[in-house]
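Asks: With the sequence up front, the predicted model follows.
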Amino acid sequence: MQPGVLTVRAFAKINLSLEVLNKRPDGFHNLRTIFQTISLHDVIGIAVSPGEQAVTLESDLEIPGENLIVRAARAVLAETGVSASVHFRLEKRIPMGGGLGGGSTDAAAVLLALPGLLGCAVPLPRLMEIATALGSDIPFFLVGGTAAGLGRGTELYPMPDAAGGFGLLVLPDVHVSTPDAFRSLNRGEAPPPGPQVSLTEQAGLALAAGDPSWAGACVNDFESAVFARHPLLADLRSQLESAGASPARMTGSGAALFGLFPAEAQRDQAAARITAARPVPFELLTRQEYRQRRFASPTGQ
Ligand code: C5P
């Protein structure tokens with residue numbers, strides 16, 4: 001292998017809709033979700049050189065525990081059998097613990113970029129297996145765009161792009177633990193009784209048909225439990241709605257919220273008005289944009 005450097009962008013996701021069905025024998029929950037990649041991103045510089053195997057990471061932010069970037073890199077080195085030293089420089093822009101998939105997208109960016117830098121190819125089905133072993137949200141980031149997620153969230157069905165809209169994230173200073181959020185739902189082992197076609201399925205079917213009514217069917221099953229503990233989040237969601245956002249929802253298990261506005265001016269007005277949390281404008285990324293914009297210039301801009 002040759003020494004090499006590459007800078008990649010790792011884009012965040014939102015869950016346009018998210019239902020938690022039942023507890024599985026493996027301790028995870030079955031989900032029904034619609035994932036969507038957005039323009040907010042981390043920047044990861046990767047440098048490889050031949051030599052003894054070593055993986056190092058420097059970051060502008062302290063990251064607790066063993067970083068998923070390091071785990072993803074070790075998995076790629078083990079898979080390819082290449083002995084190399086890999087150094088990462090992470091510029092963290094996606095807030096951690098927000099339900100935006102920050103750690104997961106970083107890991108997926110490594111799975112996608114590192115084999116090529118090492119002069120190897122890992123087939124996508126094998127990358128999917130490695131991603132699934134590392135975390136439930138990571139396989140989605142190998143696909144990007146708009147996709148339905150079933151099972152643990154790792155069974156993916158790419159969908160037509162949820163085009164248009166002007167997005168606004170609000171990032172309250174609230175941390176929600178994902179395992180706690182799942183536990184607080186108290187799901188049993190049997191799927192909950194419900195309508196034949198759930199709200200997320202309605203949203204997905206409308207979205208696939210290009211019917212704008214999809215926005216009205218989006219739900220997030222974590223909202224009631226998380227809002228009960230953090231009433232500020234319910235208030236922020238109402239503010240997004242009254243400013244004209246549809247949908248306006250929490251993403252993942254929170255605590256970030258998003259709104260999609262029909263007009264840029266409306267979005268910008270909402271951003272100026274919502275002061276109880278940090279507002280961050282964003283755009284939805286189609287699958288093609290997700291693939292094309294992944295490779296950043298060396299400055300990451
Ligand atoms: O897969 P990941 O490491 O991201 O999951 C973090 C935690 O979230 C799991 O340990 C589990 O408690 C919960 N989870 C779940 N069902 C899922 C995904 C995550 O219960 N489908």
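Replies: Structure's in. What do you need? Numbers count the residues shown, from 1 in each chain.
Asks: can you pull the contacts of the residue in the chain sticking out farthest from the centre?
Replies: Of all residues in the chain, residue 51 sits farthest from the chain's C-alpha centroid, using Cα atoms, centre = their mean; the distance is 33.6 Å. Taking Cβ atoms under 8 Å, 6 or more residues apart in numbering as the definition of contact, the neighbours of residue 51 are 83-85. All C-beta spots, glycine's among them, are computed from the backbone N, C-alpha and C.
Asks: Closest one of the residues you listed to residue 207?
Replies: When the contacts of residue 51 are compared for distance to residue 207 (Cβ to Cβ), residue 84 wins out at 42.1 Å.
Asks: Look up how far the ligand lies from the closest one.
Replies: 27 Å (Cβ to the nearest ligand atom, to the nearest Å).
Asks: This structure against the ligand: which residues are in contact?
Replies: Where proximity means Cβ under 6 Å from any ligand atom, the interface of the chain facing the ligand comprises 28-29, 31, 135-137, 152-153, 178-179, 182.
Asks: Just give the number of residues close to the residue nearest to residue 173 when sequence neighbours are not counted.
Replies: Once its chain neighbours are removed from consideration, residue 173 has its nearest residue in residue 277; the separation is 7.3 Å (Cβ to Cβ, 6 or more residues apart in numbering). Residue 277 has 20 neighbouring residues, counting by other Cβ atoms under 10 Å.
Asks: just residue 123 next, same as before
Replies: By other Cβ under 10 Å, neighbour count at residue 123 equals 9.
Asks: need the contact list for it.
Replies: Contacts for residue 123 were tallied using Cβ under 8 Å, 6+ apart; there are none.
Asks: just residue 130 next, same as before
Replies: With contact taken as Cβ under 8 Å, 6+ apart, residue 130 is in contact with 72, 75-76, 79, 111, 122.
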